[in-house]
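**Student:** Fold the following and give me the result.
(2 chains)
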Amino acid sequence: MFPELTGYLFPNDIHIHWSLMIVMYPYITGLVAGAFLVSSLYHVFGREELKPLGRFALATALCFLAVAGLPLLNHLGHPERGINIMITPNLNSAMAGFGILYASYFIILLLEVWFVFRVDIIDSATRSRGLKRQLFAILALGVYDTSPEARAIDRKIIRVLAALGIPMACLLHGYVGFLFGALKANPWWSTPLMPVIFLFSAMVSGIALLIVLYQIAMRLKGMPIDRSAISAMARWLWLFLIMSLTMELLEIMMLAYERAEEWEVIGHLLTHQLSFSFISLQMVGGGLIPLILLGIVVLMGGYMDDRIRNTLTMVSSLLLLLQVLAMRWNVVIGGQMFSKSMSGFRETYVPEMFAKEGILAALAIFFIPFVFLMIFEKVLPTFKHLES
Amino acid sequence: MARHDKDSAGSPVPISRRQFLHRSSTAVAGSMVIALVLPEGSSAGVAGADYDWDRHRWVYLIDTTKCIGCGSCVRACRAENSVPEKMYRTWVERYEIPVEAEAFIDSPNGGEHGFDPVATGLSVRKGFFVPKLCNHCSQTPCIQVCPVGASFATRDGVVLVDPEHCIGCGYCVQACPFGSRFINPETRTADKCTLCYHRITTGLKTACIQICPVGARRLGDRKNPDDEVIEILATQRVEVLQPELLTRPQCFYLGMDMEVR
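**Tutor:** Down below sits the predicted model:
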């Protein structure tokens, strides 16, 4: 099917080479970075009110990181050569950093998970029998020391790993923003604000995801939703949302006010091709409305019934998960809706449902981390320590 | 088992240390010679047999005042290089610039089948064709961003893609400001104008230059002291596309206009 075009596009510019998969990739790494930050707020900065979420946040980060590379692999024309990025990296390429960043962050995260859950693993290993016992014995890596001294050392190591993980998570995600921000050929991408925008929106999406999952998990487990945890999360979410929206608007307002030459393209893009996903979703429905709702929760939370607070944060979080997805879409797809001739546009882009990089594939990839999370929860319950 | 038993059982005859060192040094020296003879990158299988890439530095010159928009170059390129449908290693743009309105630009099918007359209803006083292709920039972002080093520049100044090594990520396609690259749906790798490297290294012209009926396209060699194209670059007013991006295109234009994209 030939896309509808207006103006003059370079003939090779009518294709959308970076598909839905490249939308999913920063979306997933963003969720990882955001969830990790929440766990680090507890483990490094000692925010006790986030204790109920500390372990769960870590597990969420790990489960999502485990699939973060999948959309990329699925996108590559030659996934079997994907390993070239590690074997023969071109060190001038920002993209070549992916292998090193991804691998080192994965190791840090795995280590931190192991140290955080070590005592639980040993408990399960000693209390169970048969295959289960063997599984936990393997997970314990042969170390069964749960003395107070050993636990104290664990806590120190966790703190160091969690602290190391913060810059790593920021790098892993900021680097995705850099990939786009450092392309001078594309005025919609090329801005030093891009890594910052990506980082803040990552925090927003990660915190929002945790709020949603935490509330669902508590309901499923019949446990009470911790008031101070939700209030604290709402506060962080509000803060990062304000930062994120400020950066996103700043970028556009500068261009618009300067009447920069890029604005001829970007102004048209935002008001035509992206009018729904940018104005309606990213700015109003997913931006302004949660901004107001969370503002109510944060500023008037003291007078609020728990159920209202939970509902408001839940609704805001769901909207924000959509907002950040829209933001990724607007960046990745939006940047390909105009030609580098700067005088022509593709009118629409609707991803196919069943294509290799289509909607179904994206949904399938997004579904996997939730399965991982359920398995994780079965093996190493993340809320058990709260029951006692 | 005793040592002499093993030997008598037909296993390899042990060699002395001296022999070993001698043989291995020969092998190392031999492989170094091969490494020196074979050029870097992978042009070895593409370039002509006697070709010395240190004795050339290719540039391309397009005279827009000569182009008649026949599209032969686009067709020749497709035939010569098996370029897939809807993808273009070269194309031709038509500019019609009315006095009272913005420029009308088009390139139906990359100009492959020429251009039908178009009625703008405006008083067009200026119109011309602009052939386009990869600019073989010397400071090119496409090589910079390739994560695996599959995009590279030959020493004689041609930007190429190693289709055996490209992973098909598409980053170079996004990084090229001229729209010269695409992902080839058949090879699933990045594809672009090779300046007909397989032809120019055997003394032939590129397919597009060969076919052009009006001589609008020309190949030059900076290392040839008598080159006519280099003489034109030295003495006439030439332009490159999007000079503000500092990619240092090695494809030069005569008769450019500010409307050209």
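
**Student:** For chain B, give me its nearest residue in chain A.
**Tutor:** residue A:77 (2.0 Å; Cβ to the nearest Cβ). Where C-beta positions appear, they are placed from N, C-alpha and C, glycine not excepted.

**Student:** doesn't residue B:186 make contact with that residue?
**Tutor:** No. Proximity of residue A:77 to residue B:186 does not meet the contact threshold set by Cβ atoms under 8 Å, at 10.3 Å.

**Student:** So for the two, which residue has more residues nearby?
**Tutor:** Taking other Cβ atoms under 10 Å in any protein chain shown, residue A:77 and residue B:186 do not tie; residue A:77 has more neighbours (18 against 9).

**Student:** Identify the residue nearest that one in space, chain neighbours excluded?
**Tutor:** Closest residue to residue A:77 apart from its sequence neighbours, by Cβ to Cβ, 6 or more residues apart in numbering or on different chains: residue B:168 at 2.0 Å.

**Student:** The one you found: neighbour count?
**Tutor:** Close neighbours of residue B:168, defined as other Cβ under 10 Å, add up to 22.

**Student:** What are the boundaries of the helices in chain A?
**Tutor:** Taking DSSP state H as the criterion, chain A carries its helices at A:20-43, A:51-65, A:70-75, A:84-87, A:97-127, A:130-139, A:148-181, A:193-221, A:227-258, A:261-271, A:289-300, A:306-332, A:359-379, A:384-387.

**Student:** Quick one: these as JSON lines, columns for mean pLDDT, distance to chain B and mean neighbour count too.
**Tutor:** What follows is the helices of chain A, written out as JSON lines (pLDDT from 0 to 100; distance: least, Cβ to the nearest Cβ, whole Å; neighbours: other Cβ atoms under 10 Å in any protein chain shown):
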{"stretch": "helix A:20-43", "mean pLDDT": "96", "distance to chain B": "8", "mean neighbour count": "27"}
{"stretch": "helix A:51-65", "mean pLDDT": "96", "distance to chain B": "20", "mean neighbour count": "25"}
{"stretch": "helix A:70-75", "mean pLDDT": "96", "distance to chain B": "7", "mean neighbour count": "20"}
{"stretch": "helix A:84-87", "mean pLDDT": "92", "distance to chain B": "4", "mean neighbour count": "17"}
{"stretch": "helix A:97-127", "mean pLDDT": "94", "distance to chain B": "7", "mean neighbour count": "18"}
{"stretch": "helix A:130-139", "mean pLDDT": "92", "distance to chain B": "35", "mean neighbour count": "13"}
{"stretch": "helix A:148-181", "mean pLDDT": "94", "distance to chain B": "8", "mean neighbour count": "19"}
{"stretch": "helix A:193-221", "mean pLDDT": "97", "distance to chain B": "13", "mean neighbour count": "23"}
{"stretch": "helix A:227-258", "mean pLDDT": "96", "distance to chain B": "16", "mean neighbour count": "18"}
{"stretch": "helix A:261-271", "mean pLDDT": "95", "distance to chain B": "10", "mean neighbour count": "18"}
{"stretch": "helix A:289-300", "mean pLDDT": "97", "distance to chain B": "31", "mean neighbour count": "18"}
{"stretch": "helix A:306-332", "mean pLDDT": "98", "distance to chain B": "10", "mean neighbour count": "22"}
{"stretch": "helix A:359-379", "mean pLDDT": "97", "distance to chain B": "16", "mean neighbour count": "16"}
{"stretch": "helix A:384-387", "mean pLDDT": "79", "distance to chain B": "42", "mean neighbour count": "14"}
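
**Student:** In a markdown table, list these along with distance to residue B:56.
**Tutor:** Below are the helices of chain A laid out as a markdown table (distance: least, Cβ to Cβ, whole Å):
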| stretch | distance to residue B:56 |
| --- | --- |
| helix A:20-43 | 38 |
| helix A:51-65 | 49 |
| helix A:70-75 | 37 |
| helix A:84-87 | 30 |
| helix A:97-127 | 35 |
| helix A:130-139 | 62 |
| helix A:148-181 | 35 |
| helix A:193-221 | 40 |
| helix A:227-258 | 43 |
| helix A:261-271 | 37 |
| helix A:289-300 | 61 |
| helix A:306-332 | 40 |
| helix A:359-379 | 46 |
| helix A:384-387 | 71 |
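
**Student:** Residue B:253: which element?
**Tutor:** Take DSSP states H and E as the rule and residue B:253 turns out to sit in strand B:251-254.

**Student:** Give the other helices and strands that that strand contacts.
**Tutor:** With contacts taken as 3 or more Cβ pairs under 8 Å, 6 or more residues apart in numbering or on different chains; DSSP states H and E, strand B:251-254 sits against strand B:58-63.

**Student:** Pull out the buried positions in whichever strand or helix holds residue B:152.
**Tutor:** According to DSSP H and E, residue B:152 maps onto strand B:151-153. For strand B:151-153, a neighbour-count test (16 or more other Cβ atoms under 10 Å in any protein chain shown) marks B:151, B:152, B:153 as buried.

**Student:** and what of stretch B:179-192?
**Tutor:** B:179, B:180, B:181, B:182, B:183, B:184, B:187, B:188, B:189, B:190, B:191, B:192.

**Student:** how distant is that stretch from the center of its chain?
**Tutor:** Distance of stretch B:179-192 from the chain centroid (Cα atoms, centre = their mean, to the nearest Å) equals 13 Å.

**Student:** Now for residue A:78: which residues touch it?
**Tutor:** B:166, B:167, B:168, B:188, B:189 (Cβ atoms under 8 Å, 6 or more residues apart in numbering or on different chains).

**Student:** swap in residue A:323?
**Tutor:** Residue A:323 neighbours (Cβ under 8 Å, 6+ apart): A:204, A:281, A:282, A:285, A:286, A:287, A:290.

**Student:** burial count for the closest residue to it other than its chain neighbours?
**Tutor:** Among residues not flanking residue A:323 along the chain, residue A:286 sits closest, at 2.6 Å (Cβ to Cβ, 6+ apart). Residues lying near residue A:286 (other Cβ under 10 Å) number 26.

**Student:** my guess is residue A:144 meets residue A:121, correct?
**Tutor:** No. The pair residue A:144 / residue A:121 is not scored as a contact, 9.6 Å apart, by Cβ under 8 Å.
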